[in-house]
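Chemist: any chance you can model this:
(2 chains)
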There are 2 protein chains.
Amino acid sequence: MTLHRPGFTGSPIDRADHLRLDPAAIADLLKGGEARLLTLSGHDPVLGDDGRLAWSAPEPEAQELIFLGLREGSPLFAPLPKVETGQRAWGVFQILSRMRAEDAAIWGTARGLIEWHNRHAFCANCGSATAVFRAGWGRKCGACNAEHYPRVDPVVIMLAEHDGRVLLGRQPQYPPGRYSALAGFLEPGESIEEAVAREFMEEARLPVQNVRYVASQPWPFPGSLMIACIADAETDAVTLDLTELEDAIWADSDAVRAALAGDPDAPFQAPPPYAIAHTLLRHWLDASDRLAAGGAPA
Amino acid sequence: MTLHRPGFTGSPIDRADHLRLDPAAIADLLKGGEARLLTLSGHDPVLGDDGRLAWSAPEPEAQELIFLGLREGSPLFAPLPKVETGQRAWGVFQILSRMRAEDAAIWGTARGLIEWHNRHAFCANCGSATAVFRAGWGRKCGACNAEHYPRVDPVVIMLAEHDGRVLLGRQPQYPPGRYSALAGFLEPGESIEEAVAREFMEEARLPVQNVRYVASQPWPFPGSLMIACIADAETDAVTLDLTELEDAIWADSDAVRAALAGDPDAPFQAPPPYAIAHTLLRHWLDASDRLAAGGAPA
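Modeler: Below is the predicted model:
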């Protein structure tokens, strides 16, 4: 089955991990004339007149850089600016909606790393200052030598299905009319499937079974791995945790179809195409349509 | 399809997240007589005469504790000892092979949290001392108020399939004869599927496509989420990264069957049942057998 490709995936970059621990090779790449430095505004993307990510020639001695990898032989770098961390930065979503998929993937990788560096200037093990190592893919403590690697926090994001409808929730900070898949951070000591079941119980008192993985995406706000699943709800009776959700609806395939099509009369506004909740709804709708035509369930 | 259940899953505990931010409720639970404290040796499990995890009555004021959650109404706690971190501790695997699945899941959760606390006494944001909060499910900085949550590092672990055989690799520190699925940490800016493809390229120069998710497990050494997948290899020609693997083999279904059965004449020794590589091989073998009988591929 062809899946709508999740946002922030599809980077054309070879990460060339073997070069990261070779500072001399990285220095040579920087000087080599083919090197390109990603242009950023803070940690937001900057688009050129062609609508693509803007790049410039790097000044090798100027600043700390992240080595993103090689694209068609060209070494690509990102700057490592000091940025305000922990902000949701809704403005960037306007830019994202105009960006090509591969540019979003490249920028997202840089964005996630930059925020991580800004939040990890000190060693969690001993409290001393840390410095960039592995060409931007880690930090090392100058005192205790502990090595620190960028966090990737797994998040489960999921639809519960019952009687041909799926459960969608609304968080208070969503744009007007928006409903989306429920989601939550996976915790130590649980599988993806267990996290999905726990989150449905915590947020909606909803027992589920038969959790199926659908797709995944990196989400650089600030550094999650979104793991999208579908589960079977045992009932359509829900009791919401109002500290997490202000409302929830059960949407049928007509409602989901209208929302994904951007129909102004749709009963809810769908999440944007670069969010994996969009991918998940599209997957469910396709499977629902196949089922209606006599095929197998999602 | 019924899946061999991955190790460290199946905990019977209700994590009762809503109680974690309520210190008065936690204190009441500790005093209530039903509370139980997990007995540990360092951070290793201790089994009673019945072969089950050993528990005792907690002394409420004695030490920092982790609130694991509720089991049949009983509040369960784990201690938070100072431990040597970063050790592989092969000895514990002997104990694990004798533990019930639900005990391994409970202990694994505690083990992962304890190591995380020991490695995160200081604030990565400002370098100051942090203190336990959320009943053991986080740390908070006394200076900048940054909140820190336990890391869960996603790892892809995967089989490549070609012409009825799967690729297995051997790391130098494995027990004699052991071969297992290739694996590696997922990085910022990539999906599960992209991480699988990258790792096969890095470790074996092997191009793959059609990556399928199979199962997941928490792995508490020290705190990973293992995400098990199968992919189609475009060739059986591999070039190993000898810094990662000392050898690799292509195993057919007879070889995998013999290894999983513990046959002393098997061409390799399978990973133990609590490792998800075992689950993955069993899943592949079952699918391979179904395919041989005329069914659909894995």
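Chemist: what is the least confident helix or strand in chain A?
Modeler: Taking mean pLDDT, DSSP states H and E as the measure, the helix or strand of chain A with the lowest value is helix A:91-96, at a mean of 89.
Chemist: pull the residues that contact that helix.
Modeler: For helix A:91-96, the external contacting residues (C-beta atoms under 8 Å, 6 or more residues apart in numbering or on different chains) are A:7, A:44-45, A:47, A:104, A:272, A:274. Where you see a C-beta, it was placed from the backbone N, CA and C, and this is true even at glycine.
Chemist: buried ones in that helix, by neighbour count?
Modeler: Residues of helix A:91-96 classed as buried by neighbour count (16 or more other C-beta atoms under 10 Å in any protein chain shown): A:92, A:96.
Chemist: average pLDDT for the helix or strand just after it?
Modeler: Going down the chain from helix A:91-96, the next helix or strand is helix A:101-119, by DSSP states H and E. For helix A:101-119, mean pLDDT rounds to 97.
Chemist: again with stretch A:226-238
Modeler: Mean predicted lDDT for stretch A:226-238 stands at 98.
Chemist: could you do stretch A:198-206 as well?
Modeler: Stretch A:198-206 comes out at a mean pLDDT of 98.
Chemist: report the buried residues of that stretch.
Modeler: Buried-residue list, stretch A:198-206, by 16+ other C-beta under 10 Å: A:198-204, A:206.
Chemist: now do it: distance to the chain's middle.
Modeler: 22 Å (C-alpha atoms, centre = their mean, to the nearest Å).
Chemist: re the thing from before, buried ones among the contacts of helix A:91-96?
Modeler: A:7, A:45, A:47, A:104, A:274.
Chemist: so of those residues, which ones are in strands?
Modeler: Using DSSP state E, residue A:45 are the members of the buried ones among the contacts of helix A:91-96 that sit in strands.
Chemist: would you mind giving the domain segments of chain A?
Modeler: Split into domains by automatic domain parsing, chain A comes to A:17-120, A:153-291.
Chemist: export the contacts of helix A:91-96 to a markdown table and tack on distance to residue B:130?
Modeler: Putting the contacts of helix A:91-96 into a markdown table (distance: C-beta to C-beta, whole Å) gives the following:
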| residue | distance to residue B:130 |
| --- | --- |
| A:7 | 34 |
| A:44 | 30 |
| A:45 | 33 |
| A:47 | 40 |
| A:104 | 34 |
| A:272 | 36 |
| A:274 | 34 |
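Chemist: of all of the stretch 1-150 of chain A, which residue lies closest to chain B?
Modeler: Proximity of the stretch 1-150 of chain A to chain B (C-beta to the nearest C-beta) peaks at residue A:109, 2.8 Å away.
Chemist: please tell me I have it right and that residue contacts residue A:9.
Modeler: No: with contacts counted by C-beta atoms under 8 Å, residue A:109 stays clear of residue A:9, the gap being 10.6 Å.
Chemist: any common contacting residues for the two?
Modeler: A:218, B:190.
Chemist: who's more crowded, the two?
Modeler: Using other C-beta atoms under 10 Å in any protein chain shown as the criterion, residue A:109 and residue A:9 rank with residue A:109 on top: 27 against 24.
Chemist: from residue A:134, how far off is that one?
Modeler: To residue A:134, residue A:109 is 14 Å away according to C-beta to C-beta, to the nearest Å.
Chemist: what about the helices in chain A?
Modeler: A:23-31, A:91-96, A:101-119, A:192-204, A:253-260, A:276-292 (DSSP state H).
Chemist: hmm, who's touching the fifth one?
Modeler: Helix A:253-260 is contacted from outside by A:164, A:166, A:179, A:251, A:265-270, A:278, A:281-282, A:284-285, A:288-289, A:292, using C-beta under 8 Å, 6+ apart.
Chemist: model confidence score at the spatially most central residue of chain A, please.
Modeler: Geometric centre of chain A, nearest residue: residue A:219, 1.2 Å, by C-alpha atoms, centre = their mean. Residue A:219 is assigned 97 on the pLDDT scale.
Chemist: how close does the nearest residue to it once chain neighbours are set aside sit to residue B:143?
Modeler: Of all residues not flanking residue A:219 in the chain, residue A:226 sits nearest, at 4.9 Å (C-beta to C-beta, 6 or more residues apart in numbering or on different chains). To residue B:143, residue A:226 is 32 Å away according to C-beta to C-beta.
Chemist: for these two, work out which one has more neighbours and name it.
Modeler: Legend: neighbour count by other C-beta under 10 Å for residue A:226 and residue B:143, higher for residue A:226 (25 against 12).
Chemist: with distance to chain B added, can I get the contacts of helix A:91-96 in a markdown table?
Modeler: Putting the contacts of helix A:91-96 into a markdown table (distance: C-beta to the nearest C-beta, whole Å) gives the following:
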| residue | distance to chain B |
| --- | --- |
| A:7 | 10 |
| A:44 | 16 |
| A:45 | 14 |
| A:47 | 19 |
| A:104 | 10 |
| A:272 | 18 |
| A:274 | 13 |
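Chemist: nearest to residue B:58, of those residues?
Modeler: For residue B:58, the nearest member of those is residue A:7. The distance, counting by C-beta to C-beta, is 46.8 Å.
Chemist: can you pull the contacts of residue A:36?
Modeler: A:55-58, A:74-77.
Chemist: can you rerun that using 10 Å?
Modeler: A:53-58, A:68, A:71, A:74-78 (C-beta atoms under 10 Å, 6 or more residues apart in numbering or on different chains).
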